[in-house]
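> build the 3D model from these lines:
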Amino acid sequence: MTERHLSVSEVEVIAREAHALQTDKAGRPYVEHLAAVAEGVRVRGGDDGQIAAAWLHDAVEDDALSAQWLADAALPQGVKDIVLALTKRPGEELSSYTARILATPGALLVKEADLAHNADPARLAVLEEATRTRLAAKYAQVRRLLGLVGDESPPDRKNPANPQTH
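Predicted coordinates for the structure are as follows:
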């Protein structure tokens with residue numbers, strides 16, 4: 001018997017509830033970031049699994065949902081793998097973090113959308129200059145480590161299950 005997996009809409013509801021009281025560095029509802037990342041994955045040609053992972057990409061890292069919840073969730077293993085790949089571990093070197101993302105099918109596209117929203121100049125503009133400068137440098141470093149330089153995405157970012165990915 002095949003297990004029924006949560007739909008993207010069901011995952012969105014869970015993520016919105018889990019992050020409902022959380023705000024970003026600018027004091028905005030954190031779910032706005034999740035929605036922007038999910039939309040960024042969609043427009044980059046991501047599949048439903050990658051969109052679901054986008055909704056959940058910070059849930060374990062931010063303790064909005066537990067690692068045990070994720071392990072037990074009715075989600076394809078690929079979605080769980082992407083979420084865990086994107087979950088930065090305390091004290092982890094950026095090189096280890098980015099290597100894990102690159103080694104996990106589908107994770108790079110989700111991280112690309114996450115970085116695009118995090119580094120959005122309009123989003124950064126409302127932060128204090130020191131914070132803005134620090135975060136911009138961090139996001140640029142992560143992009144370099146992931147091979148996301150310039151306007152061209154690396155070929156391994158493509159989703160082989162979705163030929164429309166560019």
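
> in this protein, which helix has the most residues?
For the chain, the helix reaching the highest residue count under DSSP state H is reported as helix 129-145.

> what's that one in contact with?
Taking contacts as C-beta atoms under 8 Å, 6 or more residues apart in numbering, the residues outside helix 129-145 that touch it are Lys25, Leu94, Ser95, Thr98, Lys111, Leu115, Asn118, Ala119, Leu124, Ala125, Leu127, Val149. Any C-beta I mention is one placed from the backbone N, CA and C, and that applies to glycine too.

> ok, and the most crowded of those?
Using other C-beta atoms under 10 Å as the neighbour test, the contacts of helix 129-145 are led by Lys111, with 29 neighbours.

> is that one in contact with Leu86, as I believe?
Yes. Contact criterion C-beta atoms under 8 Å: Lys111 and Leu86 qualify, at 6.0 Å.

> overlap of the contact sets of the two?
By C-beta under 8 Å, 6+ apart, Lys111 and Leu86 have these common neighbours: Ile101.

> find me the pLDDT at the residue nearest to Glu61 when sequence neighbours are not counted, would you?
In space, not counting the residues next to it along the chain, Glu61 is nearest to Thr87; the distance is 4.6 Å by C-beta to C-beta, 6 or more residues apart in numbering. Model confidence at Thr87, given as pLDDT, is 98.

> what's near enough to touch Glu3?
Glu3 sits next to Ala74 when contact means C-beta under 8 Å, 6+ apart.

> and it, that's in a helix?
No. Using DSSP: H, G, I helix; E, B strand; the rest coil, the assignment for Glu3 is coil, not a helix.

> now it: how far from Ala103?
From Glu3 across to Ala103, the span is 26 Å (C-beta to C-beta, to the nearest Å).

> ok, Leu146 next?
12 Å.

> what about these two, which has more around it?
Between Leu146 and Ala103, counted using other C-beta under 10 Å, Leu146 has the larger neighbour count: 23 against 11.

> who's in contact with the closest residue to that one other than its chain neighbours?
The shortest distance from Leu146 to any non-neighbouring residue, by C-beta to C-beta, 6+ apart, is to Thr98 (5.3 Å). Thr98 is in contact with Val142, Leu145, Leu146, counting by C-beta under 8 Å, 6+ apart.

> with pLDDT and distance to Arg16 added, can I get those residues in TSV?
Listed next are the contacts of Thr98 as TSV, based on pLDDT from 0 to 100; distance: C-beta to C-beta, whole Å:
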residue	pLDDT	distance to Arg16
Val142	96	26
Leu145	96	30
Leu146	97	27
